Each structure stands twice: as structure tokens, then as C-alpha cells.
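Enquirer: Sharing a sequence plus its predicted fold:
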Amino acid sequence: LDNTATTTYTFTPTAGLCATTATMTITVNPNITPTFTQVADICSGATLAALPTTSDNGITGSWSPALDNTATTTYTFTPTAGQCATTATMTITVNPLPSIPTGNAEQTFCAIDEPTVSDVVMGSTNITWYLSVAGGTPLAMNYPLIDGLILHAASFDLGNLCESSTRFQVTIRVIDPALPILEEQLQFCKELGATLASIDTNGVVMNWYDSMTGTTPLPSDYLLQDGEVLYGAAFNATTNCESTERLQVEIAIVDTNLNYFNLITIDDNQNNTALKIVGIEDFPNNSIEIYNRYGELVWAGNNYDNSTIVFKGMANVSGVVSKNSYLPSGTYFFILQYPNTCQQTELKGFIHLENKK
């Protein structure tokens, strides 16, 4: 007998019997091997669907052992009795998860650098970032960072596409130093030789530039110039961060050393008609007194400005001559008071008056 192939067998009677031979064909059906679609690799802990109990080629049966979504396992399919079918196996690969990433739990950036997720530094490579501790949509690497943002990092295996089951939390600090409140024009006395260090910034450390977009700060001993415009950025020395904005200030250098023309002629022409004090317009809060050689007051005024309030050789007080009368030729002495915050606040000088009328 052959139980592996269909065979025709012949029966031969024992000799001496009145009988003929006979034949029988025994059909041996071939065994069918069940076939199944291979289950794709999974990451440890991922959902693993039940295996089908009917093969792709119609064989029914059951699987053993029980499904395990934490370890790579080979499963055996046993056909239901009465079917010409063999057992089959399938190995389902379960990939291990990468370890939780490591790094600093709080990271600081400068707002002026316009930081993004790609700037966050971790001790692990291949990181996927989320806004939530679990689930959610991965963030793009150009996602902008803002102060107080909470990020969650998962390790990512490029080989098997698995992520760590636990995420690492990172708190983001974005520094934008606050600018001080300064006047739009800053005044300094010429005699002080003011530098950038002379600017009172109310305790705020500043970097100063000669343009709104300049990248090289001016040195602290830079000598301030009258009329120039400077641009200041607040600077955090701990984080080396500059403010995203710059304030603009104009520098005014106050020169209190006034000059004057000391000749006045009264002759009906337009030359040397008045006492001109050069620069007095910068000190409108002033007072002046003019005396003759005997110390007698002949003219006084406030807010001297070389135009509307000006000495033209005519008395404006009574005594020596009548008020509003021209003074006689001679030498006169004046004292000008012009209060300011600089050292020079008084000007004294002589005037030579020639009355040709």
C-alpha cells in the first residue's frame, strides 16, 4: 500500500480456487498548504488584529499560541480535521521601541534669532516633536518657538519607524529684553566729552549702533557727536540676547561757551547795529544787564535772542539818560546769566559803543 499517491492494486486469488483476479484503485488526494497574507511588522505595544481563521485558499482552522504584541512570535495554523491540508506558520515581527530622548528640560533662546523647533537641542537624534504628552500631530521643524511653550519629544527609529512610548517634556524660554524709556533727544555738555557710557539707560544694558540694521555695536568709549542719530538695543548679559527692536535717539551736544561781537555803531547803517551773542538761542531762559563805566545800569532784559530782545545802544531804564534814548559813546560792561546743567552759566564782557548821531 502507498498512502502518498493514487495507486491501482490487483487481487490475485490463491491457487486452486475457481476465481479471477480483481483490481481496486485507491485515490490519494494531495495535502493543501494553507496560505495567508503576511502581517506587517509592528512596533511593540501597537494594536495587533486577530489572525484569520480561513486561509486565502479556503482552509479553515485555528492559530496558536495567543497573539503577543510585545515580542516577535511564530504562530502555527492547524487545519480543522477532515481537510486535506497541512499546518502553516507565520512569524510576526514586533520591533522594540527606542528609549525616551534626553536633554535639558528648559531651554532658552533669543527672540531676535526667530527660533524654531529645529533649534531645540537634545541628547538624542531623530526626534519627533508634539504639543501634547500623548497623541497629536507631529510639529514641522520650522514651527516657531514662543516664550512659555511646552514641547514633548519622542525618539524616532528611522529603521523600523517606531517612536518611544514616553515623551520628554521641554519648557521653552524666549528672551526679548525690554527697552528703557528715553527721550528722543539726549543732551550732553560739550566740556564733559560725553561717550556712549554717559547715556543714562535707567539700568538697562544697551548695545548702540549707528544704523537701525547695523550688526557691529559701537564701543562704549565712542565719543558722542552733536546731531548724530544712534540706535540702541537692550542686551541681556546672562543670555546674550538683544531686543528685537531698537530705540532711536538724537544726540545734542550743548556748547555753553558763548561768543559775542562787542562793537555797536549808531550811524543809521546796517553794520554793527546790536550786541550779538552767538549761540544764545540755545538758552532762551536768560537775563542780561548792561552797565556804563560808572557801574550804572543802562539796559536790562530777559530772554535775550539777538532779534526781538536785543541791545542796540539805547537805554531801556531811566537814570543815566532818558529811557529809550541812545547812549553816549563809550565802553559798557554786560553780565549775561543763562542757567543750564553744564558748567558755564555766565558770560561777562565789554561793549564799545560809537554814537555818531
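Expert: Yep, that arrived. Numbers count the residues shown, from 1 in each chain.
Enquirer: Next, the buried residues of stretch 273-292.
Expert: Leu275, Lys276, Ile277, Gly279, Ile280, Phe283, Asn286, Ile288, Ile290, Tyr291, Asn292 (16 or more other Cβ atoms under 10 Å). In this view, the C-beta of every residue, glycine as well, is placed from N, C-alpha and C.
Enquirer: repeat for stretch 184-191
Expert: Leu186, Gln187, Phe188, Cys189, Lys190.
Enquirer: CSV please, covering those residues and showing distance to Ser198, pLDDT and secondary structure.
Expert: Shown next, in CSV, are the buried residues of stretch 184-191 (distance: Cβ to Cβ, whole Å; pLDDT from 0 to 100; DSSP: H, G, I helix; E, B strand; the rest coil):
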residue, distance to Ser198, pLDDT, secondary structure
Leu186, 9, 96, strand
Gln187, 11, 92, strand
Phe188, 6, 94, strand
Cys189, 10, 93, strand
Lys190, 12, 91, helix
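Enquirer: Please identify which of those is nearest to Thr345.
Expert: Cys189 (10.9 Å; Cβ to Cβ).
Enquirer: for the closest one, what are its contacts?
Expert: Taking Cβ atoms under 8 Å, 6 or more residues apart in numbering, we find Cys189 in contact with Ile253, Val254, Thr256, Asn340, Thr341, Cys342, Gln343.
Enquirer: go on, Trp63?
Expert: Counted by Cβ under 8 Å, 6+ apart, Trp63 has contacts Leu51, Thr53, Tyr75, Thr76, Phe77, Thr78.
Enquirer: now that we have the residues you listed, which one has the most neighbours?
Expert: Phe77 (23 neighbours; other Cβ atoms under 10 Å).
Enquirer: ok, now how distant is Leu192 from Cys342?
Expert: 8 Å (Cβ to Cβ, to the nearest Å).
Enquirer: Need the max-distance pair from the contacts of Trp63.
Expert: Of all pairs in the contacts of Trp63, the most separated under Cβ to Cβ is Thr53 and Thr76 at 13.3 Å.
Enquirer: so Ala50 makes contact with Asn69?
Expert: No - counting by Cβ atoms under 8 Å, Ala50 does not reach Asn69; the two are 11.5 Å apart.
Enquirer: Looking at these two, which is more packed in?
Expert: Asn69 (15 against 7).
Enquirer: Would you confirm that the more buried one contacts Thr47?
Expert: Yes - between Asn69 and Thr47 there is a contact under Cβ under 8 Å: 7.1 Å.
Enquirer: so how far is Thr53 from Pro79?
Expert: Applying Cβ to Cβ to Pro79 and Thr53 gives a distance of 10 Å.
Enquirer: Now the common contact residues for those two.
Expert: Thr60, Gly61.
Enquirer: And what about Arg173, helix, strand or coil?
Expert: Assigned with DSSP: H, G, I helix; E, B strand; the rest coil, Arg173 falls in the strand class.
Enquirer: any idea how far it is from Gln337?
Expert: Taken as Cβ to Cβ, the span from Arg173 to Gln337 is 56 Å.
Enquirer: Next: Phe109.
Expert: Counting by Cβ to Cβ - Phe109 and Gln337 are separated by 56 Å.
Enquirer: Between the two, which has more neighbouring residues?
Expert: Between Phe109 and Gln337, counting by other Cβ under 10 Å, Phe109 is the more crowded of the two (20 against 15).
Enquirer: With adjacent residues omitted, what lies nearest to the more buried one?
Expert: The shortest distance from Phe109 to any non-neighbouring residue, by Cβ to Cβ, 6 or more residues apart in numbering, is to Pro115 (3.9 Å).
Enquirer: Torsion angles phi and psi at that neighbour?
Expert: For Pro115, the backbone dihedrals (degrees, to the nearest 10) come out as phi -70, psi 150.
Enquirer: next one: Asp282
Expert: phi -80, psi -10.
Enquirer: Just to check, it is in contact with Val254?
Expert: Yes - counting by Cβ under 8 Å, Val254 is a contact partner of Asp282 at 6.7 Å.
Enquirer: Pretty sure Glu191 sits against Ile253.
Expert: No - when contacts are counted by Cβ under 8 Å, Glu191 is not listed as touching Ile253 (9.9 Å).
Enquirer: on that earlier part again, who's more crowded, Leu192 and Cys342?
Expert: Cys342 (18 against 13).
Enquirer: Apart from its chain neighbours, what residue comes closest to that one?
Expert: Cys189 (3.5 Å).
Enquirer: now the strands: where do they sit in the stretch 201-350 of the chain?
Expert: 206-209, 229-236, 241-242, 247-254, 259-261, 263-266, 276-278, 287-291, 297-302, 330-337, 346-355 (DSSP state E, counting those that start in this stretch).
Enquirer: Of those, which is nearest Leu182?
Expert: The nearest among these, by Cβ to Cβ, is strand 247-254 at 5.8 Å.
Enquirer: counting contacts, what elements does the closest one pack onto?
Expert: In terms of contacts (3 or more Cβ pairs under 8 Å, 6 or more residues apart in numbering; DSSP states H and E), strand 247-254 is packed against strand 185-189, strand 229-236.
Enquirer: Out of those strands, which is closest to Ala40?
Expert: strand 229-236 (51.7 Å).
Enquirer: how far off strand 185-189 does that closest one point, in degrees?
Expert: 100 degrees (axes from the mean of the first three to the mean of the last three Cα atoms, to 10 degrees).
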